[in-house]
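Q: any chance you could fold what I've pasted below:
(2 chains)
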Amino acid sequence: MTDNSAQLRGAPQRHDDTRTQPKTSILNDPRFRGFAYQAMLLAALVALVWWLASNAAANLAAQNKATGFGFLGQPAGFNISFTLIPFERAASYLQVYFVGITNTLLVASIGVVLATVIGFVVGIARLSSNFLIRKFATVYIEILRNVPLLLQLLFWYYLLLNALPNVRQSYTFPGGFVLNQRGFSMPAAVFDDRSWIVGLVLLASVILALLWRRHTLKRTVETGNRRPVWLPMAAIVLVPTLAALLLSGTQITFNVPELQGFNYRGGFTAPPELTALIVGLVMYTAAFIAEIVRAGILSVSHGQTEAAASLGLQEGDRLRLVIIPQAMRVIVPPLTSQYLNLTKNSSLGAAIGFPELVSVFVGTALNQSGRAIEIIGLTMLVYLTFSLTTSLFMNWYNARVALVER
Amino acid sequence: MTDTAFVRREMEPTLPPPVRTTGIGAWLKANLFSTPGNALLTLVAAAFVAMIVPPLYNFLIADAVWSDPEGLRGEACRFEGVGACWIFIQARLNFFIYGFYPTEEIWRLNLMFLIGIVLIAPLLIPRAPFKRTAALLFFVVYPFVAFMLLAGGVFGLRPVRSGEWGGLTLTLIISLIGIIVSMPLGILLALGRQSKLPAIRSFCIAFIELWRAVPLITVLFMASVMFPLFMPQGVSTDTLMRAIIGICLFESAYMAEVVRGGLQAMPRGQYEAAGALGLSKPKTMGLIILPQALKHVIPGIVNTFIALFKDTSLVSIIGLFELLNTVRAAGSDPAWSSPTHAVTGYIFAGFLFWAFCFAMSRYSIYMEERLHTGHKR
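A: Numbers count the residues shown, from 1 in each chain, chains lettered A, B, ... in the order given. The predicted model follows:
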């Protein structure tokens, strides 16, 4: 007892400890073990990478293949059926890469918007007090979530090619929309060379409107007086933009698809591959988003609604100011990962022949050039960038909405 | 005090009868016509049902071709207004289930399925006996037995190349191997990600994030194109094995994230209590932390299994004949050219996939409720 208390007193204690304790094996020292494990892992990794690299070098040498990114400048020599940026056969592999990226981004951006809208509608419908609507939403979710996306895409593609009428009997919709076997055509806006002025004014006024909103909300919090927010914002955006449109004399015309000969010309035509890909992706992802939305709304306890009511907030304000902000905290993280999934899943366009990144670059370009390592590396780089950007946004959002506790 | 006494002299008028709260009328009012808006929604939905259901019924049942007594094949489904071509499914069912497996050897696959079902049943039914034995047999012995039956070449069984495996069998093989491998690998990765050792932690983070960032189809392309490049010369691996390795690594990264969610939900007190009992690190993990953490994330784990099962359909892109690809291949058979047989095939494949996934998700809900002990109110 006295020995112990003597040991506990002050600096010499550690010294005494090592002397009095029986010497333990170095193998049982957690710090040594930690170093040993890590050293083993690193050694194994280095060995693995060296082994793989030497194998690859030997194989490439045996097959007499060149390596390096020089091939990106060479002409690709094949055509791509759908591009947003100008492209011809003589274009380089680098341009093929960019075509793939833009097409992937096109599908992803349209898909994200539509899937969010449908997902929220179905998710809220799943909680509806209306029996039929509720069951509809449940059936939709349970069917679409449990069938592979690839199968759904093939199904939609088959349906679009076989169930839609030929060009002569196209379905036409008001506003110049045309749907037939060859795709979904719609009017395209044509901007003349002075449109950039309008665009610039639009951008500036949107920024101004957002600043106005921030200012007004701050005033509301400070003074307690409610001021209109949305109407002035609309005015701030619309008035200068329209003025710029009229004063600069910009002509914005619409190029409407018209039947000429055997096909519709003009406007923008989404080929059936694109339509099937977007429809499939949207329907599939919306089912997942619906479940996320449902879980988010259910996660806000009923007490919050009651508390808001007892503060005298009306129905709309209760939802807008109390329930939805809390539900969004639960909804947004899985929602962004669904957006990311949608972007990654757009690579399944390869199976139905839509020229997005994987099909055009990993598929065609790889077959032609044979540069497997470089091409797959570049492709993974694109998806890694998407993924890292998303996680950066997520971290920022989580930090912003995290619960601030005492 | 007596002044304020009140004595009622007349009968109080009778109250109206209570609003009905039971019966069909009340149910209709509460669930379908509670407000004018709701009534409108109900009518729209009912109109939608009326629009969708009769054509579906006609296509799937009334106008469908159910039998082919004269052996006409595609011609039996080649007329105006034909519905689903079920005879196509009947005729090619063996192909959809067993792929190109030699017909006289199919008993081996059936035996494999039978043993699998017998072993997995005690694991799935909570009250069944012999759980430990069955688990040992299923996870350790069964893979070898199944492989022997599939590939043959021993005990006088005729060897069958992996290129001949296919159909639903291949889908089940890939997903079962994926599940059995990705689960322990995922747990290891999740533990590594929580580790205090920087080299191990960063390796696990990099591994997980890399696989999660890329689409599975890139992984499969990589497995089929790049894998041979990285192997020593003369070593050849078949496409199926490469695809399975790709899928296992890919899904283990997702599994790791699910398990990490469970580990992060464990309160510190559990670690401290285990430490106070003098348990070593591995024992703390194996006896205290993991059983609770995994219980927390059963829905997530099953969701990953479901995703894996659906993802197996992607191996068709690198040319393997799993269920979806057999259906596609049979659909382009010229002997069967008809307007609806291909769609019928997709519907059939979709139904099979759906049945497996739906069963898994229901089972997970059931297990979740069963294991939801402790904090039940």
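
Q: quick one: the strands in chain A?
A: Counting by DSSP state E, chain A has these strands, from start to end: A:171-173, A:177-180, A:183-186, A:188-191, A:252-255, A:258-260, A:263-265, A:268-270.

Q: would you mind finding the most buried of those strands?
A: Ranked by mean neighbour count under mean count of other CB atoms under 10 Å in any protein chain shown, these are led by strand A:183-186, which reaches a mean of 22. (Each C-beta comes from the backbone N, C-alpha and C, glycine too.)

Q: roughly how far is it from the heart of the chain?
A: Relative to its chain's centre, strand A:183-186 lies at 24 Å (CA atoms, centre = their mean, to the nearest Å).

Q: mind listing what that strand pairs with, with the direction of each?
A: Applying DSSP bridges, strand A:183-186 is found paired with strand A:177-180 (antiparallel), strand A:268-270 (antiparallel).

Q: just the mean pLDDT for it, thanks.
A: Mean pLDDT, strand A:183-186: 83.

Q: now do A:T2, the pLDDT please.
A: So, for A:T2, pLDDT stands at 44.

Q: list the contacts of residue 256.
A: In the absence of a named chain, this looks at chain A. Neighbour list for A:V256: A:G176, A:P187, A:G266, A:G267 [criterion: CB atoms under 8 Å, 6 or more residues apart in numbering or on different chains].

Q: chain B is the one I meant
A: Counting by CB under 8 Å, 6+ apart, B:A256 has contacts B:L185, B:G186, B:I187, B:L189, B:A190, B:R193, B:C204, B:I208.

Q: neighbours of A:I376, how many?
A: A count of neighbours around A:I376, defined by other CB atoms under 10 Å in any protein chain shown, yields 21.

Q: my guess is it contacts B:F221, does it?
A: Yes: the pair A:I376 / B:F221 is scored as a contact, 6.8 Å apart, by CB atoms under 8 Å.

Q: need the overlap of contacts for these two.
A: A:V362, A:L366.

Q: what residues does the stretch 101-250 of chain A have near chain B?
A: Within reach of chain B by CB under 8 Å from any CB of the partner chain, the stretch 101-250 of chain A has these residues: A:128-133, A:136, A:142-143, A:145-152, A:154-155, A:158-159, A:162.

Q: make it 6 Å
A: A:N130, A:F131, A:L132, A:I133, A:N146, A:V147, A:P148, A:L150, A:L151, A:F155 (CB under 6 Å from any CB of the partner chain).

Q: in contact with the fourth one, which residues?
A: Yep, that's A:I133 we're talking about. A:A125, B:L41, B:A45 (CB atoms under 6 Å, 6 or more residues apart in numbering or on different chains).

Q: rebuild the residues you listed as a markdown table, extending it with pLDDT, neighbour count and distance to B:I247.
A: Shown next, in a markdown table, are the contacts of A:I133 (pLDDT from 0 to 100; neighbours: other CB atoms under 10 Å in any protein chain shown; distance: CB to CB, whole Å):
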| residue | pLDDT | neighbour count | distance to B:I247 |
| --- | --- | --- | --- |
| A:A125 | 88 | 23 | 35 |
| B:L41 | 86 | 19 | 43 |
| B:A45 | 88 | 20 | 40 |
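
Q: closest one to B:P282 out of those residues, please.
A: A:A125 (48.7 Å; CB to CB).

Q: leaving out sequence neighbours, find the closest residue to that closest one.
A: Excluding its sequence neighbours, the residue lying closest to A:A125 (CB to CB, 6 or more residues apart in numbering or on different chains) is A:A137, at 4.0 Å.

Q: didn't that neighbour look like it was pressed against A:G123?
A: No: the criterion here is CB atoms under 6 Å, and A:A137 misses it with A:G123 at 7.6 Å.
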